[in-house]
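S.K.: here is my input; please provide its structure:
(2 chains)
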Amino acid sequence: MVAMASSGAARITLPSDTEILITREFAAPKHLVYKTWTTPELVKRWWAGQRGVVTSAEIDLRVGGQWRYVMVAHGSFEVAFHGTYREIVPNERLVTTEVYETAEAPDAEGVLNIVSFRESNARTTLTVLVQCSSKEERDMIMSSGMEGGMQEGMDLLEQVAISLAK
Amino acid sequence: MARAATTTDAFNAVAEPRRRQILEILARGERPVNDLVEVLRLAQPQVSKHLRVLREVGLVDVRDAGRQRLYRINGHPLKPIRDWVTSFEETWNERFDAIDAVLDELTDMEDGHGGHGK
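M.R.: Numbering: from 1, shown residues only, chains lettered A, B, ... in the order given. The predicted model follows:
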């Protein structure tokens, strides 16, 4: 049996003021990565990372269909996201909306996620392009729930990286 | 006194565009306040006010050099901001590592079903 080398870290870039691009390679063919991405029982095993436990994963995989994931984070608070599938090309591409369910903004439109699966030599490159409606929204997402507006230190951080490295 | 946070927290200190501009300028090297006034095209009292906030959170240090006071950046208070930026990345890395585990299993299952020829 060939040992599967760890596929390494995700690469996260900011292609524009309103976008986040996440790229990661997997040591598996794309139909399996797609399956892992779109099967509720499998989503339950990865979506929370190590941040908690997924208590619900509903997927209605058709254009116009809804998905909704709920996790209970450490410390017992619930985090829920839902969205609508806009485009589905099996094993290739998914376009969905993604809305963070929060009391402060119950009618939020959320972001658009464009997920693509590209296979080469039995390995799959997954990209998730997150399209936000504004830079503020993107910064809020990058900040993972912290208050908005603070994340704008990004450009700055690059410039002072030298100072931090000391 | 909720406002007090603005002056004691690096997050809030860099949330202000002018203060970020000041930090960007200082990131390239030490500057006297007059240079900042010139580059920013702001009145000196305003620049001084921003510098005071930045000094209070430790993002800017000052030293006397002859008749001038030179301001320079100190990146250490930005560490929490960087940590928090990486938390988005960490979330995704945790997810992807979990996906690796799922994929290992799925690959084994596929091999088990149809991999006799190998």
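S.K.: going forward, measure contacts between C-alpha atoms and count neighbours the same way
M.R.: Fine.
S.K.: where in chain A is pLDDT low?
M.R.: A:1-7, A:74-76, A:103-107, A:143-166 (pLDDT under 70).
S.K.: and the helices in it, which stretches?
M.R.: Assigned by DSSP state H, chain A shows helices spanning A:30-38, A:40-46, A:135-142, A:154-165.
S.K.: chain B now?
M.R.: Counting by DSSP H, the helices of chain B are B:5-8, B:10-13, B:17-26, B:33-40, B:44-56, B:79-114.
S.K.: quick check: B:V53 vs B:R20, distance?
M.R.: Distance check for B:V53 against B:R20: by C-alpha to C-alpha, to the nearest Å, it reads 12 Å.
S.K.: if you could redo that for A:T13, that was the one I meant.
M.R.: 21 Å.
S.K.: between those two, which one's more packed in?
M.R.: Neighbours per residue (other C-alpha atoms under 10 Å in any protein chain shown) separate A:T13 from B:R20, with B:R20 holding more: 19 against 12.
S.K.: my read is that the more buried one contacts B:F11, right?
M.R.: No. Contact between B:R20 and B:F11 fails when scored by C-alpha atoms under 8 Å: they sit 10.9 Å apart.
S.K.: return the backbone torsion pair for the residue of chain A found nearest chain B.
M.R.: Using C-alpha to the nearest C-alpha, the closest approach of chain A to chain B is made by A:G49 at 4.3 Å. Backbone torsions of A:G49, given as degrees, to the nearest 10, read phi 60, psi -130.
S.K.: next one: it from A:E109, what distance?
M.R.: Noted for A:G49: a distance of 25 Å to A:E109, by C-alpha to C-alpha.
S.K.: which one of the two has more residues nearby?
M.R.: Comparing A:G49 with A:E109 by neighbour count (other C-alpha under 10 Å), the higher total belongs to A:G49, at 20 against 14.
S.K.: can you pull the contacts of A:E58?
M.R.: Applying C-alpha atoms under 8 Å, 6 or more residues apart in numbering or on different chains to A:E58 gives the contacts A:40, A:66-69.
S.K.: and the residues you listed, which two are furthest apart?
M.R.: A:P40 and A:Q66 (12.4 Å; C-alpha to C-alpha).
S.K.: find residues that contact each of the two.
M.R.: Residues touching both A:P40 and A:Q66 (C-alpha under 8 Å, 6+ apart) are A:58-59.
S.K.: looking at the helices of chain B, which is nearest to chain A?
M.R.: Comparing the helices of chain B against chain A with C-alpha to the nearest C-alpha, the closest turns out to be helix B:79-114 (4.3 Å).
S.K.: sorry, back to before: possible to save the contacts of A:E58 as TSV with neighbour count?
M.R.: Listed next are the contacts of A:E58 as TSV, based on neighbours: other C-alpha atoms under 10 Å in any protein chain shown:
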residue	neighbour count
A:P40	18
A:Q66	18
A:W67	21
A:R68	19
A:Y69	21
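S.K.: so which of the residues you listed are in strands?
M.R.: Among these, DSSP state E puts A:66-69 in strands.
S.K.: for the nearest residue to B:L78 once chain neighbours are set aside, give me its contacts.
M.R.: Spatial nearest neighbour of B:L78, chain neighbours left out: B:A10 (6.7 Å); criterion: C-alpha to C-alpha, 6 or more residues apart in numbering or on different chains. Residues in contact with B:A10 (C-alpha under 8 Å, 6+ apart) are B:54, B:57-59, B:77-78, B:81.
S.K.: and with 7 Å instead?
M.R.: Taking C-alpha atoms under 7 Å, 6 or more residues apart in numbering or on different chains, we find B:A10 in contact with B:57, B:77-78.
S.K.: separation between it and B:P77?
M.R.: B:A10 is 6 Å from B:P77, by C-alpha to C-alpha.
S.K.: now swap in A:V89 and tell me
M.R.: From A:V89 to B:P77 the distance is 46 Å (C-alpha to C-alpha).
S.K.: just give me the neighbour total for the closest residue to A:A122 other than its chain neighbours.
M.R.: Closest residue to A:A122 apart from its sequence neighbours, by C-alpha to C-alpha, 6+ apart: A:P29 at 4.8 Å. Other residues near A:P29 number 20, with proximity taken as other C-alpha under 10 Å.
S.K.: I'd assumed A:N121 was in contact with A:P29.
M.R.: No. Contact criterion C-alpha atoms under 7 Å: A:P29 and A:N121 do not qualify, at 8.3 Å.
S.K.: so which residues on chain B come close to chain A?
M.R.: Neighbours of chain A within chain B, by C-alpha under 7 Å from any C-alpha of the partner chain: B:11-12, B:14-15, B:24, B:27, B:74-76, B:84-85, B:88, B:91, B:93-95, B:98-100, B:103, B:106.
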